[in-house]
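Asks: the following block contains a protein sequence and its predicted model.
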Amino acid sequence: MHIEIPAEFPVPFPARINRFTGRVSQQFWQWVQEQDLAPTARSRERLRRSGIELASCYCWPWADRSVLLEGMKWMFFFFRFDDQMEEGAAQRDVSRVQKAADKITGILHNQALTTTSPLARELHRTWQRTQADRPLSWVEAFRDHYCELVRSYTRQSRFNYDTDRHGRVLGLSEYEDFRETAFGMDWVYDFMETSGPRGSYLPAELRSCRPMLRLRRAASLQQALLNDIFSAAREDHQDRTVNSVMIFRHTRQCTPQQAVRQVVDRIDHHLADYRQACADMRSLCHERGFEPPVTRAVMQFIKNIDAVIGGNHDWHHIVMRYATDDVTAAQGAYTYPDDL
């Protein structure tokens with residue numbers, strides 16, 4: 001599949017980047033090297049192309065150095081799990097993906113380590129740090145969202161490679177319900193609460209109120225569908241069909257480029273929904289008369305998601321994560337070792 005990336009997307013918010021980007025990125029790469037988390041030349045090339053540190057600096061532009069480094073580690077785990085389960089040795093083996101997901105979610109539920117791999121050890125260590133001295137409701141929300149993301153890979157593997165399902169194209173509504181989780185932004189939004197000044201944690205009831213759920217969903221889908229356009233060619237080479245470009249191409253019986261146009265229109269739809277949900281969230285704060293620290297935390301949360309939407313757009317234009325030169329070559333995709 002060949003498509004041209006559109007010259008413009010409906011992304012009205014400017015990207016913001018963390019002022020500690022350079023210094024913390026250096027610490028991040030030192031951590032990867034010291035803990036042997038990308039032990040081969042091909043895994044280091046995949047890591048280099050993924051721009052994990054840049055993604056983190058766009059997601060948490062107001063984080064201090066220690067919180068930003070912690071966030072980079074979680075972003076690394078996300079991208080590494082994504083690559084190993086979607087492009088690595090487990091790629092076409094649903095049961096293998098399921099076993100890997102069970103190991104990861106077990107660690108996040110504080111089960112005893114069943115492996116001594118550097119990856120498992122560092123995930124366990126990072127999770128212990130993240131739980132410490134933070135509100136229980138926040139810890140549970142972060143854990144649940146990260147585990148939902150990890151479990152989504154099993155379902156995605158079934159969609160793409162299970163012989164009973166292979167060739168079936170999801171409907172748009174079913175796809176978006178799945179993609180909201182599988183794009184993996186909810187834990188990113190949760191981590192925003194750690195990156196602001198003291199008092200930036202949201203009350204549990206606000207995290208789950210209707211306007212908040214709407215704005216989170218709309219922001220996630222706006223970004224996920226943009227990602228679909230950039231990743232469509234690479235996924236097509238790997239027989240992966242869980243992508244809105246493929247869905248529109250199939251359901252509208254159109255060319256890939258025409259499908260891209262349909263996806264851009266859908267991105268615009270989700271942006272409009274996001275803006276309305278943000279307005280509803282602001283109105284809710286005003287109507288209920290929350291204490292000033294709570295209202296400030298909500299306003300900062302929305303400001304941060306605005307920045308993430310802008311950063312997601314810029315990041316996709318900068319990195320080489322979705323290039324196809326490796327997947328079309330004899331050796332195949334740049335991948336990590338099978339150590340989940």
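Replies: Nice, I can see it.
Asks: quick one: Ile309 and Leu221 touch, right?
Replies: No. Ile309 is beyond contact range of Leu221, at 11.1 Å (criterion: Cβ atoms under 8 Å). Placement of C-beta: from N, CA and C, glycine included.
Asks: following the lengthiest helix in the chain, which helix or strand comes up?
Replies: With residue count as the measure and DSSP state H as the assignment, the chain has helix 256-288 as its longest helix. Next helix or strand after helix 256-288 toward the C-terminus (DSSP states H and E): helix 292-318.
Asks: between that next one and helix 256-288, how big is the angle?
Replies: If you take axes from the mean of the first three to the mean of the last three Cα atoms, to 10 degrees, helix 292-318 sits at 170 degrees to helix 256-288.
Asks: buried sites along helix 292-318?
Replies: Neighbour-count burial for helix 292-318 flags 294, 296-298, 300-316 (criterion: 16 or more other Cβ atoms under 10 Å).
Asks: if we can go back for a sec, now do the longest helix of the chain: distance to the chain's middle.
Replies: 18 Å (Cα atoms, centre = their mean, to the nearest Å).
Asks: and it, what does it pack onto?
Replies: helix 210-237, helix 244-251, helix 292-318 (3 or more Cβ pairs under 8 Å, 6 or more residues apart in numbering; DSSP states H and E).
Asks: buried by neighbour count: which residues of that helix qualify?
Replies: Buried, per 16+ other Cβ under 10 Å, within helix 256-288: 256, 259-260, 262-264, 266-267, 270-271, 273-274, 277-278, 280-281, 284-285.
Asks: could you do stretch 1-17 as well?
Replies: Across stretch 1-17, burial judged by 16+ other Cβ under 10 Å covers Met1, Ile3, Phe9, Pro10, Val11, Phe13, Ala15, Arg16.
Asks: render the CA-only coordinates of it in PDB, please.
Replies: Provided in PDB are the C-alpha atoms of stretch 1-17 (Å, rounded to 0.1, in the frame of the first residue of the first chain):
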ATOM      1  CA  MET A   1       0.000   0.000   0.000                       C
ATOM      2  CA  HIS A   2       1.200   3.500  -0.900                       C
ATOM      3  CA  ILE A   3      -0.300   6.600   0.500                       C
ATOM      4  CA  GLU A   4       0.700  10.300   0.700                       C
ATOM      5  CA  ILE A   5       0.600  11.800   4.100                       C
ATOM      6  CA  PRO A   6      -1.800  14.800   4.000                       C
ATOM      7  CA  ALA A   7      -0.200  18.200   4.100                       C
ATOM      8  CA  GLU A   8      -2.500  19.300   6.900                       C
ATOM      9  CA  PHE A   9      -4.400  17.700   9.700                       C
ATOM     10  CA  PRO A  10      -7.200  19.200  11.900                       C
ATOM     11  CA  VAL A  11      -4.800  19.800  14.900                       C
ATOM     12  CA  PRO A  12      -5.300  23.300  16.200                       C
ATOM     13  CA  PHE A  13      -3.200  23.100  19.400                       C
ATOM     14  CA  PRO A  14       0.500  23.900  19.400                       C
ATOM     15  CA  ALA A  15       3.000  21.300  20.700                       C
ATOM     16  CA  ARG A  16       4.800  22.000  23.900                       C
ATOM     17  CA  ILE A  17       8.000  20.300  24.800                       C
END
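Asks: contacts only, for Ile302.
Replies: Contact analysis of Ile302 by Cβ atoms under 8 Å, 6 or more residues apart in numbering lists Leu215, Cys278, Met281, Arg282.
Asks: in space, what's closest to the third one - neighbours in sequence excluded?
Replies: The one in question is Met281. Take Met281 and drop its neighbours on the chain: the residue closest to it by Cβ to Cβ, 6 or more residues apart in numbering is Pro211, 4.1 Å away.
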